[in-house]
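# what's the 3D shape of this:
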Amino acid sequence: MFTRSATVLLTVAVTAALAAPPGSARGADPRVTSRAWTSLAPASTPNFAQASAVRAADGLQHVVWIVDEPGGANYFHTTIDANGRQGAVTRVLPTTWGQLSTPVDLEADAAGVLRMSFRGTPDGDSSNFFTYRGVYSAVSTDGGATWAVPREVLAVTDASGGGSTFVNLPDGSILGGFGDTGGFHWHVGTISEAAEPTTTNSEFTDHDAGAAALISTGSAVYVLYQSIRGDGVYARQVWPSLGAAIRAPGGFTNPGQPMAVVNRPGVGPVAAYMLDDEVVLWDVLANQVHRVRGMGGASAPELAVLPDGHLWVAAVGPIGYAPRASRVAARGWNVDRRPTLLPDMVNSFGVSVSASTALRAEMLMIGNDNGDPIQLNARSVAAQLVLKATPRRWASGRAQTVVFTVTDVDGGVARARVRAGGERCTTNGAGRCTIRFAARRPGRVAARATKTGYDEATVRLTVRR
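Predicted coordinates:
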């Protein structure tokens with residue numbers, strides 16, 4: 001997808017921090033919370049394309065999105081830390097461009113260097129190197145404070161449309177590429193301006209490759225894509241050698257929606273897509289799918305992965321479909337019994353998800369409420385607890401010992417506090433604790449489990465007549 005606007009001139013240079021305009025409500029320490037949607041930048045004319053996010057090795061989340069500006073469009077960058085604090089907003093490109101691709105691919109290498117791939121043109125001038133010569137990139141070596149646009153491409157193409165994708169290889173080089181109706185095309189190593197006219201890509205053409213996304217896992221690189229000709233979702237190794245196409249179970253194509261794919265430690269590539277109106281997680285190498293409960297009817301699932309193997313799954317859907325998020329265990333495929341539901345906005349245009357810790361994720365959504373400008377908004381989601389009690393009902397007039405069990409997707413949760421009827425206990429390593437209630441009159445008793453970093457869980461006890 002591209003945004004089109006008036007032509008401008010290009011000067012390749014680093015960018016400066018974006019100052020909030022007069023009247024902006026942004027404070028000195030903006031914070032993303034679970035209480036409300038928070039605008040990440042004071043922009044009144046954003047593009048409707050979803051944001052791209054990546055978690056750096058230090059846990060800091062980096063977010064890039066496109067914003068229409070007078071005379072063109074630009075990409076914005078910001079950060080969100082583990083406590084929800086937002087960093088400065090910077091422009092990625094030194095000037096507005098007349099045409100830019102969305103969504104972009106954003107990655108952080110082992111040294112913390114940020115790179116964002118994109119396609120477009122500043123002015124439509126075909127004699128300009130930065131007019132449809134290939135997959136360009138913007139690079140930041142200081143955590144996104146400043147950016148540079150090298151005079152090089154990651155793969156060659158003269159096409160005016162389409163997305164881009166890349167990965168960092170183990171030796172530090174870059175494999176960049178793009179998919180289109182003709183197939184998937186890629187190149188290993190950056191291509192200088194001088195070498196661009198004579199460089200050719202590697203490619204496969206037996207499938208069209210919509211919404212293509214590269215993912216690196218161990219010593220191999222795969223591309224995941226949607227194929228109209230193949231009527232489904234596919235994965236294929238492209239490095240160090242080209243492998244056979246692996247077809248995901250079921251048939252689904254939505255070329256306008258990028259593939260949600262992550263490299264899960266100990267598993268390999270995992271993708272989220274729609275199968276029979278349900279969100280499923282596709283374990284590519286095992287070629288098995290796992291349903292995410294409570295996300296039926298969604299239209300756009302997204303994924304985030306943590307170094308310990310936890311996954312966060314987020315989804316939006318048609319009008320009236322509440323944005324939602326669920327967590328997947330660090331090992332295996334156990335998922336929250338039901339997702340956390342967030343209030344929808346009057347208008348919403350796609351969702352992304354990022355996570356700094358295993359207990360917290362940020363949902364990123366373009367949208368607005370009545371009277372507000374359309375902006376990129378963020379809202380945090382906390383991990384869920386489940387509280388069970390045995391027994392939940394007993395007769396009045398006698399004492400009763402109740403065993404409480406507190407779990408999350410990984411199993412028993414230690415050191416959770418349970419309060420009920422004026423009594424309390426703290427769970428052991430297995431997630432259990434007991435409360436002995438004195439004889440009580442008939443009625444109901446609310447029990448509540450809490451632990452820092454989690455949403456609370458409740459269960460209702462009943463004392464019968």
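# CA atoms only: put stretch 184-203 into CSV for me.
What follows is stretch 184-203 as a C-alpha-only set of coordinates in CSV (Å, rounded to 0.1, in the frame of the first residue of the first chain):
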residue,chain,number,x,y,z
PHE,A,184,9.2,-13.5,-4.3
HIS,A,185,12.4,-11.7,-5.0
TRP,A,186,15.4,-11.3,-2.7
HIS,A,187,19.1,-10.4,-2.5
VAL,A,188,21.8,-11.1,0.1
GLY,A,189,23.9,-8.1,1.0
THR,A,190,23.2,-4.4,0.4
ILE,A,191,23.5,-3.1,-3.2
SER,A,192,25.3,0.2,-3.7
GLU,A,193,24.0,2.9,-6.0
ALA,A,194,26.8,2.1,-8.5
ALA,A,195,26.0,-1.6,-8.5
GLU,A,196,22.2,-1.3,-8.7
PRO,A,197,21.9,-1.1,-12.5
THR,A,198,23.6,-4.4,-13.1
THR,A,199,22.4,-6.4,-10.0
THR,A,200,19.8,-9.1,-10.3
ASN,A,201,17.7,-10.7,-7.6
SER,A,202,17.2,-14.4,-6.7
GLU,A,203,13.6,-15.3,-7.0
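# average model confidence for stretch 376-384?
Average pLDDT, stretch 376-384: 95.
# One more: stretch 61-79?
92.
# buried stuff in that stretch?
61-69, 72-79 (16 or more other C-beta atoms under 10 Å). Bear in mind the C-beta positions are built from the backbone N, C-alpha and C, glycine included.
# By mean pLDDT, flag the weakest helix or strand of the protein.
Least confident element among the helices and strands of the chain, by mean pLDDT, DSSP states H and E: strand 2-4 (a mean of 33).
# Determine the next helix or strand in the C-terminal direction from it.
On the C-terminal side of strand 2-4, the closest following helix or strand by DSSP states H and E is strand 38-39.
# What strands line up against that following strand, and which way round?
strand 375-382 (antiparallel) (DSSP bridges).
# For the strand it pairs with, give me every contacting residue.
Contacting residues not belonging to strand 375-382 are listed as 32-34, 36-44, 46, 51, 63, 65, 76, 80, 84, 86, 312, 314, 325, 340, 342, 345, 359-368, 453-455 [C-beta atoms under 8 Å, 6 or more residues apart in numbering].
# What backbone torsions are found at the residue nearest to the spatial centre of the chain?
Centroid-nearest residue in the chain, with C-alpha atoms, centre = their mean: Val353, separated by 3.0 Å. Note on Val353: backbone dihedrals following degrees, to the nearest 10 are phi -140, psi 140.
# how much space between the closest residue to it other than its chain neighbours and Arg327?
Spatial nearest neighbour of Val353, excluding adjacent residues (C-beta to C-beta, 6 or more residues apart in numbering): Ala314 at 3.8 Å. In this view, Ala314 and Arg327 are 10 Å apart by C-beta to C-beta, to the nearest Å.
# For the two, list the residues in contact with both.
If you check Ala314 and Arg327 against C-beta under 8 Å, 6+ apart, the residues they both contact are Ala361.
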